[in-house]
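Novice: Kindly return the folded structure for what I paste below:
(chains A, B, C, D, E and F)
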4 protein chains.
Amino acid sequence: MMRRIAQVSNSPSMSRRADPIAPRKTPRQARAQATYAAVLQAAAHILTEQGRGALTTNRIAERAGVSIGSLYQYFPSKEAILADLLRGMRREMLADIEAAAAACGGLNLRALTEALIRASVRHHAQAPDLARVLEQVELELPGDPETARIEAQLRDLLAAALADRGVPGPTVAAQDLAAITKGITDEAARAGETDLDFVIARAVRAVHGYLGL
Amino acid sequence: MMRRIAQVSNSPSMSRRADPIAPRKTPRQARAQATYAAVLQAAAHILTEQGRGALTTNRIAERAGVSIGSLYQYFPSKEAILADLLRGMRREMLADIEAAAAACGGLNLRALTEALIRASVRHHAQAPDLARVLEQVELELPGDPETARIEAQLRDLLAAALADRGVPGPTVAAQDLAAITKGITDEAARAGETDLDFVIARAVRAVHGYLGL
Amino acid sequence: MMRRIAQVSNSPSMSRRADPIAPRKTPRQARAQATYAAVLQAAAHILTEQGRGALTTNRIAERAGVSIGSLYQYFPSKEAILADLLRGMRREMLADIEAAAAACGGLNLRALTEALIRASVRHHAQAPDLARVLEQVELELPGDPETARIEAQLRDLLAAALADRGVPGPTVAAQDLAAITKGITDEAARAGETDLDFVIARAVRAVHGYLGL
Amino acid sequence: MMRRIAQVSNSPSMSRRADPIAPRKTPRQARAQATYAAVLQAAAHILTEQGRGALTTNRIAERAGVSIGSLYQYFPSKEAILADLLRGMRREMLADIEAAAAACGGLNLRALTEALIRASVRHHAQAPDLARVLEQVELELPGDPETARIEAQLRDLLAAALADRGVPGPTVAAQDLAAITKGITDEAARAGETDLDFVIARAVRAVHGYLGL
DNA sequence: CATGAATGAGTATTCATTCAT
DNA sequence: CATGAATGAATACTCATTCAT
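Specialist: Take a look at the predicted model:
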């Protein structure tokens, strides 16, 4: 699978002081923007290459070519950096899936699910290690409302699309569809597979079978 | 899903001094056996109740009612404890699946896959948090040959069973079957589902669809 | 006890570059004066409301509505701000005591001491927290000559007044008079007392007793 | 004034885990006892010689000839060390004052107050800097119940003794007696005085005057 | 063998201060 | 002059591991 490292284009909008996870302040000047992005980039790199255990704030700052003090100008804690990466990943995923769904407006269930799975696998395949780590991290992180909102939107989008096509129990079906796709993709990545289309085909077969198509 | 905490009856067979993950020495006497098991028990408890971040060797020793020195008599490092837990979990899983497969000797593909999925979901459901954490841990741990061997056995067992019933590409199919089951089970656990049979039914539907049954 | 927050009208007279405690430069323009005063105000507020541990230069600047850079235009260091506050407090105190002493030109010892104690307690009571913190700070601060001069003036003023009325050992007596007043006032503030006149009465009784009146 | 550095014989009795100020665990072995005492000794030294700003945990450990890890075996935080020193000082003070009071069982008010003042000044004079710093620190520290209890005992002891001798408003009088003594002693220490008897005489004069003797 | 005291490298985070824009 | 981004030494505290008793 091809790799493209990170989703670093998050644009924090408000300066929320009390929240330990919200970004600390909005970078206004160009230099500040660069620092902000560099920190996220560096964190993503370290996570994918060395794993969560190796993610220390000093290491992030060093890799970002930035002082530890600068890092803390923009992120109130290490967890805030992780939360930001996760948020960015979810935002991208939602955008991809929304685009795919929009492009399938009038299509039947077969075509729709295939398109969604294709988008999903492609997305996961870009940075499978990062995705896996961030999903692990999500379980320990104090929930970020923005992230929760995006995830809810994703679930609803999927469930609505299935409901439109007359799938019974669309909520559970949406969950299982996502779970099947994720399961097959992760395991394939772990096994070192690189042929995306093959992975997609198998996920599609499982989902279509699950839906009785 | 019901919970049953731990798989603590691992009995390491050889004393391998250089290996940082292999158990340090075989406890032969009763008291030693008890200490050994208590450490694993304690580690499993802490992992499920407080998460990986809370797992410290001192805490394990305290919870096990053992001195930190004694802990290090039996395990050369914290990672060795985790590796031991993982090994135990895999051993159990292999045993369960082997039993299920043996009981299905002459059965057709439908019945076989259902039995296997049932065993697998049941297994995961016993201690889903522990399983999840240990699987995360596995990615960072230096591979333990014993664990690798068990996993290979599991894959081969599954692949062989599928091959026997004429499934094409049995190795990939085995991987996907496991991935689908794991994906649906994990996501169900995360969503807080407790109706095991419902989860099993959905996994079976997906797998049967995948296999074209 | 009533509270009035700060003594912020210090007007530094000379530009002494090498001294780490002397104000950095004389603000001549109106805006500069305002900035200078705002910084002192902000520092006093933070000290009284949140204590010395919360006094950071960035926080001072923020509260003063001034950039951190501007703060350092006028004060060479955080200690300089504290020294300036202390100086201001001592100046006020000297002014109050001088006024009281002047008003008592021909009075006898009883009346004089009572007037001085009254002025002193009143002064302390305006901002007891700030006074206490600044006195703590004084012990750690490299001595500021201006402040030292004011304190010497105070001591001399008191000693002279006592000497004029025939008190033997006027220097020691002056020191003790101040110590008694400060001791009783501080302890009263700490105990949460609010009746200034009661505090004054007790200090007067002790001092008069001490002086054999 | 003579100096004798520290009150290091505190003997923590119970292991109270949640309290951020209570000692962390009771040192059982001789080596542990030594470490515990060395930390307190070192902290007292640094406080008196370099002031509170210089009191860092690493510095304490270094001066104590102990690793930073050992320090944290016995004290859960830096504040706990300060609280322990304060507690020790209060314990000593209470013991001294109790002894003095007991020795004055049937004495009249003049003799009693003189004895108490003598004890108090002597106590303060042993380590006046340490006493001052610890009293400052007390204001910021989360209150330790043990310390509060001792201080209450001290106040009550004094008030009762005064009440016994017919002093009106014995509680306020006790507070003022202590305040006067402390005020004169501190200021004398600050002025560099070394003649304890002279200090005592002046405090006695003020207190006797205050009490109308 | 068991104990638990001791170790110290490593971690997240703060804050006084500088300097390019 | 004003701004605020950047700096990095310093701080409190943790935890895997060792070793004397």
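Novice: what residues are up against the closest residue to A:Thr57 other than its chain neighbours?
Specialist: Nearest non-adjacent residue to A:Thr57, counting by C-beta to C-beta, 6 or more residues apart in numbering or on different chains: A:Lys78, 5.2 Å away. Using the backbone N, CA and C atoms, a C-beta is placed for each residue, glycine as well. By C-beta atoms under 8 Å, 6 or more residues apart in numbering or on different chains, the contact set of A:Lys78 is A:55-57, A:60.
Novice: Assign the residue nearest in space to the middle of chain A to helix, strand or coil.
Specialist: Centroid-nearest residue in chain A, with C-alpha atoms, centre = their mean: A:Met89, separated by 2.9 Å. Three-state assignment for A:Met89 (DSSP: H, G, I helix; E, B strand; the rest coil): helix.
Novice: Can you spell out which helices and strands pack onto the least confident helix or strand in chain A by mean pLDDT?
Specialist: Counting by mean pLDDT, DSSP states H and E, chain A has its least confident helix or strand at helix A:128-140, which shows a mean of 89. Counting contacts by 3 or more C-beta pairs under 8 Å, 6 or more residues apart in numbering or on different chains; DSSP states H and E, helix A:128-140 is packed against helix A:30-50, helix A:78-103, helix A:170-190, helix B:128-140.
Novice: if we go to 10 Å?
Specialist: helix A:30-50, helix A:78-103, helix A:109-126, helix A:170-190, helix B:128-140, helix B:170-190 (3 or more C-beta pairs under 10 Å, 6 or more residues apart in numbering or on different chains; DSSP states H and E).
Novice: name the element the residue in chain A positioned nearest to chain C belongs to?
Specialist: Evaluated by C-beta to the nearest C-beta, chain A has A:Gln73 as its residue closest to chain C, separated by 10.6 Å. Assigned by DSSP states H and E, A:Gln73 belongs to helix A:68-74.
Novice: Please point out which parts of that helix sit buried.
Specialist: Buried residues in helix A:68-74, counted by 16 or more other C-beta atoms under 10 Å in any protein chain shown: A:70-74.
Novice: for stretch A:147-159, same thing?
Specialist: So, applying 16+ other C-beta under 10 Å, buried residues of stretch A:147-159: A:147, A:150-151, A:154, A:157-159.
Novice: Can you lay out the helices and strands packed on helix A:128-140 as CSV showing distance to D:Leu211?
Specialist: Conversion of the helices and strands packed on helix A:128-140 to CSV gives the following (distance: least, C-beta to C-beta, whole Å):
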stretch, distance to D:Leu211
helix A:30-50, 67
helix A:78-103, 62
helix A:109-126, 85
helix A:170-190, 82
helix B:128-140, 71
helix B:170-190, 75
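Novice: Any idea which of the ones you listed has the lowest pLDDT on average?
Specialist: Of all those, the minimum mean pLDDT falls on helix B:128-140 (a mean of 88).
Novice: Tell me the buried residues in that one?
Specialist: Those would be B:128-134, B:136-138, for helix B:128-140 by 16+ other C-beta under 10 Å.
Novice: Do it and DNA strand E come into contact?
Specialist: No: if you take C-beta under 7 Å from any atom of the strand as the test, helix B:128-140 misses DNA strand E, and the best it gets is 13.6 Å.
Novice: Specify the angle between the next helix or strand after that helix and helix B:109-126 in degrees.
Specialist: Using DSSP H and E, the helix or strand that follows helix B:128-140 in sequence is helix B:145-164. Between helix B:145-164 and helix B:109-126, the angle comes out at 150 degrees (axes from the mean of the first three to the mean of the last three C-alpha atoms, to 10 degrees).
Novice: report the angle between the axes of helix B:145-164 and helix B:170-190?
Specialist: 110 degrees.
Novice: now helix B:145-164, how far from the centre of its chain.
Specialist: The chain centre lies 14 Å from the centre of helix B:145-164; the measure is C-alpha atoms, centre = their mean, to the nearest Å.
Novice: cool, and stretch A:113-129?
Specialist: 11 Å.
Novice: Check the offset of the helix holding A:Gln73 from the chain's centre.
Specialist: 24 Å.
Novice: Mind checking the pLDDT average for that helix?
Specialist: 96.
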